[in-house]
Each structure stands twice: as C-alpha cells, then as structure tokens.
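Asker: Generate coordinates for the sequence data below:
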Amino acid sequence: MIAALQKLIDNSVPLSELELANKQYSELTAKYRDMLQKDNMLVQRMISLQFLECENTSLKEQIDVISKELEITKEKFHTLEQAWEQVTKLGNESTMDKAQKALTNSEIVSISKKITMLEMKELNERQRAEHAQKMHEHLRTSLKQVEERNLELETKFSEVGPFNFYPLVRAEKIRLVYFL
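Answerer: The predicted model follows:
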C-alpha cells in the first residue's frame, strides 16, 4: 500500500505547477478564442465585401440594361418620328406617283423589321439580366447556409472547448496525495 502511494507521489506534480499549467492553458485558450473571433470577424467582413461586390456588379449590369433600353427606346422614337413625317408628307402630297408610294412602303417595312430586331435584342438582354439575378440569389442562399454552418461549428467549439479532462485527472491525483 505504501509503495503504491509512493508511486502515486512520484508520478504527481506539485499543486503550484498544476495551477501554473492550468493558468497557461486558460491563457492559451483565451488567446485562441480571441484569434477565432478575429478570424470570424475577418470572414464576415470578407463575406460582406463579396456581397457588396456582387451587388455592385448587379447594379452595374442593371445600369447597362437600362441604358440599352433607353437607346432602344430612342431608336424606336426616332423611327416612329420618321414614319410619321413620311405619313404626313404622303397626306400633303396627293400627286405622288406609284414609284414613290412603293418606296415609302418598302421604307415602312424596313423600319418595322428594325423595330422587331431591336425588340428581340431587348428581350435577350432582359433574359440575361433575369438569369444574372437568379444566380445572385443562388449565391446569396449558399452564403447564408455557410454562415449558419459556421455559427453551428462555433457554438459546438465553445461547448467542447472548456472540457479538458487531463488537468482534472492530475488535480485529483494531487488532492489524494495531499489529503493522505
């Protein structure tokens, strides 16, 4: 029995060393927790920056689409003005011969083809913008899921972090030695 107790005493460390080790462990844990918080803040800032960059890109694309729509509308307006001028000329000049009327009709057909082509381009641009918006929403959803997972992992780490069984076991050995 005494030999077993002597063996326990030989394998144990003084309480002051244990307290010093626990203090160092606590300090390291606090530093690690601070580093994790700083890292988390940096990740959140990076995510915010990426979100703002995506938002900026999306807004630039919207500006481009609106500018193109404005150009298309201006072209339509200009084309309609020309057509209106032609119609008013036709109304004022009743002595116009058949060749001129045929030329005017071909111009109207040409103008209508241009309008149709511009409308097709506009439709394609809108479809592109809608696709970009859908992709943006998909990325935003993915980012939210990553943030939620990160929060879960941080919570689990904070729950598991305080448990360190090794110093507790060594403290029990020391208490036994000093108690005896």
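
Asker: Summarise which helices and strands the helix or strand where E19 lies is packed against.
Answerer: Element membership of E19, judged by DSSP states H and E, is helix 15-92. Other helices and strands packing on helix 15-92, by 3 or more C-beta pairs under 8 Å, 6 or more residues apart in numbering; DSSP states H and E, are helix 98-160, helix 165-179. Where C-beta positions appear, they are placed from N, C-alpha and C, glycine not excepted.

Asker: Could you tell me the least trusted of these?
Answerer: When those are compared on average pLDDT, helix 165-179 comes out lowest at a mean of 46.

Asker: So the residue nearest to the spatial centre of the chain versus T57, what's the distance?
Answerer: Nearest to the mean C-alpha position of the chain, counting by C-alpha atoms, centre = their mean, stands F51 at 4.0 Å. The spacing between F51 and T57, counted by C-beta to C-beta, to the nearest Å, is 11 Å.

Asker: Common neighbours of these two, please.
Answerer: Shared contacts of F51 and T57 (C-beta atoms under 8 Å, 6 or more residues apart in numbering): none.

Asker: circling back to that earlier point, in JSON lines: the helices and strands packed on helix 15-92, plus distance to A21 and mean neighbour count.
Answerer: Shown next, in JSON lines, are the helices and strands packed on helix 15-92 (distance: least, C-beta to C-beta, whole Å; neighbours: other C-beta atoms under 10 Å):
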{"stretch": "helix 98-160", "distance to A21": "20", "mean neighbour count": "12"}
{"stretch": "helix 165-179", "distance to A21": "7", "mean neighbour count": "12"}
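
Asker: mind putting these in a markdown table, distance to Q62 included?
Answerer: Converted to a markdown table, those look like this (distance: least, C-beta to C-beta, whole Å):
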| stretch | distance to Q62 |
| --- | --- |
| helix 98-160 | 7 |
| helix 165-179 | 57 |
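
Asker: Quick one: closest of those helices to L18.
Answerer: The stretch from these with the least distance to L18 (C-beta to C-beta) is helix 165-179; that distance is 5.9 Å.

Asker: what about L8, neighbour count?
Answerer: A count of neighbours around L8, defined by other C-beta atoms under 10 Å, yields 14.

Asker: before we move on, what about E69?
Answerer: Neighbourhood size, E69 [other C-beta under 10 Å]: 13.

Asker: Surely it is in contact with E122?
Answerer: Yes. The criterion here is C-beta atoms under 8 Å, and E69 meets it with E122 at 6.4 Å.
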